[in-house]
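1. Everything below, folded, please.
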Amino acid sequence: AWRGTSPAPAGDAAGPEAIVRGCIDGLVDLHLDAGRAAAAVDLLVDASRLPFDAATRRAMRHRAAAIATADLRDNATAIEMYRGVLAQAPDDVEAIQRLGALLSTEGRVPELLSLRQHQLRLETDATRRLSLRLEIANLVGHVEDHGGRLEALRQNLADSPGHEASIEAMASLLTGKRQWGALLDVLEEQAARLEAMNELARSARLSARVARVAEDETGDIDRAIAAHRRVVALAPTHDALRALARLHMERGQPAQAVPWFENLLAATPADGKPAVVLQLARAHLGAGHTDRAIVALEHAHCVPRARQ
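-> Numbering: from 1, shown residues only. Model (predicted):
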């Protein structure tokens, strides 16, 4: 009997290993043709323990897993087969993909998390690494405290500043925990990194978000004002100008509101100017500059000019 150590006799068309392998393949086909898929899987499982070369044993486990999944709907057995493949060849891409799909189908989240972390260690493509970390972050959220999930997202942002999907995932996580300070820190850091990369429009959008969170959730008006000023410096918007003027008025600082109203007025279409002029005039009046209020109204034709 063949024990895996005897060389093929000289002149033989095939050695004992090839003959045994051919017999196994034939028996598997016979089992499948007779509707005995379970017997075919058992045969392949037993055969994969024989002293074939590593590639042959892996191929047998792959085939056993495929039959278990397709013919028996036995995902548990298929999972064990793919685990056996990866124990021999940790970088077997097909085994990783098929095992991941099965673990996801079966809801075996901790094991899927472990597989994705293994995959991340092997992956060299930067885009794929980002995608894997996002998936890992979501998986960690199911199996452990959110600290692990945050760490995965932070690593994504360290590798790819401003990565929108990671920012949204982190914002959702921190919002759910009402950790507004941590969220503001993340948004400010990412806005600064994007500005350094000359991605000014994206940086401005994040700064606008900082301003909203700072005002609405923490009441930190100084932080909100600073964020709106960054927006104006990078990519001015009506919203940022209007917010700066409003916040200074609400703080009883009409003189500081004046320049923002003036900038807003300059950027406002003609049909919207009267409303802005009235606000500018109120700011001038609040600052004790009645003459400037009158001039602003006259220039906007809101009051008749004095006769000469």
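
2. What are the boundaries of the strands in this protein?
-> Taking DSSP state E as the test, none of the chain falls into strands.

3. Which residues does stretch 112-130 contact?
-> Outside stretch 112-130, the residues that touch it by Cβ atoms under 8 Å, 6 or more residues apart in numbering are 86, 90-91, 96, 99-100, 103-104, 132-133, 135-136, 139-140, 143, 156, 159-160, 163, 166. Glycine gets a C-beta too; all of them are placed from N, C-alpha and C.

4. how many other residues sit next to residue 65?
-> With neighbours defined by other Cβ atoms under 10 Å, the count for residue 65 comes to 28.

5. do the same with residue 247
-> Neighbour tally, residue 247, other Cβ under 10 Å: 20.

6. Against residue 191, how distant is it?
-> Between residue 247 and residue 191 the computed distance is 19 Å (Cβ to Cβ, to the nearest Å).

7. by contact count, what packs against the helix or strand of the chain at the bottom of the mean pLDDT ranking?
-> Across the helices and strands of the chain, the lowest-confidence element by mean pLDDT, DSSP states H and E is helix 146-159, at a mean of 78. For helix 146-159, the packing partners by 3 or more Cβ pairs under 8 Å, 6 or more residues apart in numbering; DSSP states H and E come out as helix 126-143, helix 164-176.

8. Repeat the analysis, applying 10 Å as the threshold.
-> helix 109-122, helix 126-143, helix 164-176, helix 180-196 (3 or more Cβ pairs under 10 Å, 6 or more residues apart in numbering; DSSP states H and E).

9. Can you lay out these as TSV showing mean neighbour count?
-> Formatted as TSV, these follow (neighbours: other Cβ atoms under 10 Å):
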stretch	mean neighbour count
helix 109-122	17
helix 126-143	18
helix 164-176	17
helix 180-196	19
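
10. can I get these in a markdown table with distance to residue 63?
-> Below are the helices and strands packed on helix 146-159 laid out as a markdown table (distance: least, Cβ to Cβ, whole Å):
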| stretch | distance to residue 63 |
| --- | --- |
| helix 109-122 | 21 |
| helix 126-143 | 28 |
| helix 164-176 | 37 |
| helix 180-196 | 48 |
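
11. Dump the ones you listed into CSV; add mean pLDDT as well.
-> Shown next, in CSV, are those (pLDDT from 0 to 100):
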stretch, mean pLDDT
helix 109-122, 90
helix 126-143, 88
helix 164-176, 88
helix 180-196, 94
